[in-house]
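In: Build the 3D model from these lines:
(2 chains)
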Amino acid sequence: DQQVKQNSPSLSVQEGRISILNCDYTNSMFDYFLWYKKYPAEGPTFLISISSIKDKNEDGRFTVFLNKSAKHLSLHIVPSQPGDSAVYFCAASYTTSGTYKYIFGTGTRLKVLA
Amino acid sequence: DTGVSQDPRHKITKRGQNVTFRCDPISEHNRLYWYRQTLGQGPEFLTYFQNEAQLEKSRLLSDRFSAERPKGSFSTLEIQRTEQGDSAMYLCASTSGTQETQYFGPGTRLLVL
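Out: Predicted structure coming up:
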């Protein structure tokens, strides 16, 4: 049961344009969402997060949008740069019995073309 | 650098051997997680510690796997009698009790021949 889904395994975008990465979730208990960037042979690097009480969070070129009713979040990168080429993972978190649980999507490989 | 560190970064072993990986979390973080990642997948939860207490283990963690965090600081993950299916990237992440953002280490890539 894939509770966090990234339905696009890959995305190619021209340098300078907007990259939009999407993520859908099924569990209403999720209350915190994160995006990570991963280069080959490295661990995921935290990019940006959003609490379920918000619908938007912005940090420089990165903006995350959350639509709770649709159980959908997206990461916008503007403008896209070649160095943004990596695999992006969406993660969702909730708390149960004092334990914080994190569920990850399968990732979207972004390629930014120069 | 005070990020999460993992050792070794790479491990090649023969089937049936035991391996042990170490994770040093960010010093003030009391929560530590182990994940496994295979090609084309996101990180899959293995186990979770709050301080020295192991609070949850995934069904993925067979009885050949054991993890410890003896003093609530660094953690070890041991795999006994390794199998080729254990080949994966093993990731460690930590977070504090006051925030929900996890920070990952660089991972240990295991190859079982």
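In: which bits of chain B sit near chain A?
Out: Contact residues, chain B versus chain A (CB under 8 Å from any CB of the partner chain): B:4, B:6, B:31, B:33, B:35, B:40-45, B:48, B:50, B:55-56, B:91, B:93, B:95, B:100-107, B:109. Glycine gets a C-beta too; all of them are placed from N, C-alpha and C.
In: how about the residue nearest to residue B:75 when sequence neighbours are not counted, what does it touch?
Out: With sequence-adjacent residues excluded and distances taken as CB to CB, 6 or more residues apart in numbering or on different chains, residue B:75 is closest to residue B:69, at 4.1 Å. For residue B:69, the contacting residues are B:32, B:49, B:51-52, B:54, B:75-76, by CB atoms under 8 Å, 6 or more residues apart in numbering or on different chains.
In: cutoff 10 Å now
Out: By CB atoms under 10 Å, 6 or more residues apart in numbering or on different chains, the residues touching residue B:69 are B:23, B:25, B:30, B:32, B:34, B:47-54, B:75-77.
In: And for residue B:43?
Out: By CB under 10 Å, 6+ apart, the contact set of residue B:43 is A:36, A:38, A:43-44, A:89, A:91, A:102-105, A:107, B:33-37, B:89-91, B:93, B:102, B:104, B:107.
In: Give me the pLDDT value at residue B:98.
Out: pLDDT, residue B:98: 66.
In: same deal with the one 5 residues further on?
Out: Looking at residue B:103, its pLDDT is 94.
In: Number of residues surrounding it?
Out: For residue B:103, the tally of surrounding residues (other CB atoms under 10 Å in any protein chain shown) stands at 20.
In: That one reaches residue B:93, doesn't it?
Out: Yes - when contacts are counted by CB atoms under 10 Å, residue B:103 is listed as touching residue B:93 (6.2 Å).
In: What helices and strands are in contact with the helix or strand of chain B with the lowest mean pLDDT?
Out: Here the helix or strand of chain B ranked lowest by mean pLDDT, DSSP states H and E is strand B:53-57, holding a mean of 90. If you count contacts as 3 or more CB pairs under 10 Å, 6 or more residues apart in numbering or on different chains; DSSP states H and E, strand B:53-57 packs onto strand A:99-104, strand B:31-37, strand B:44-50, strand B:65-68.
In: Packed most tightly, which of these would that be?
Out: For the helices and strands packed on strand B:53-57, average neighbour numbers computed from mean count of other CB atoms under 10 Å in any protein chain shown are highest in strand B:31-37, which has a mean of 24.
In: Kindly provide the distance from the residue nearest to the spatial centre of chain B to residue A:92.
Out: Residue closest to the average C-alpha location in chain B (CA atoms, centre = their mean): residue B:34, at 3.4 Å. Residue B:34 sits 19 Å away from residue A:92, taking CB to CB, to the nearest Å as the criterion.
In: pLDDT weak spots in chain B?
Out: Within chain B, the stretches with pLDDT under 70 are B:1, B:98-99.
In: shared neighbours, residue B:103 and residue B:93?
Out: Here residue B:103 and residue B:93 have A:36, A:43-44, A:46, B:4, B:25-26, B:29 as joint contacts, going by CB under 10 Å, 6+ apart.
In: Let's see if you can find the most crowded of those residues.
Out: residue A:44 (30 neighbours).
In: Tell me the spatial nearest neighbour of the residue of chain B found nearest chain A, not counting adjacent residues.
Out: Among all residues of chain B, residue B:42 sits closest to chain A, at 3.3 Å; criterion: CB to the nearest CB. Once flanking residues are discounted, residue B:42 sits nearest to residue A:104: 3.3 Å by CB to CB, 6+ apart.
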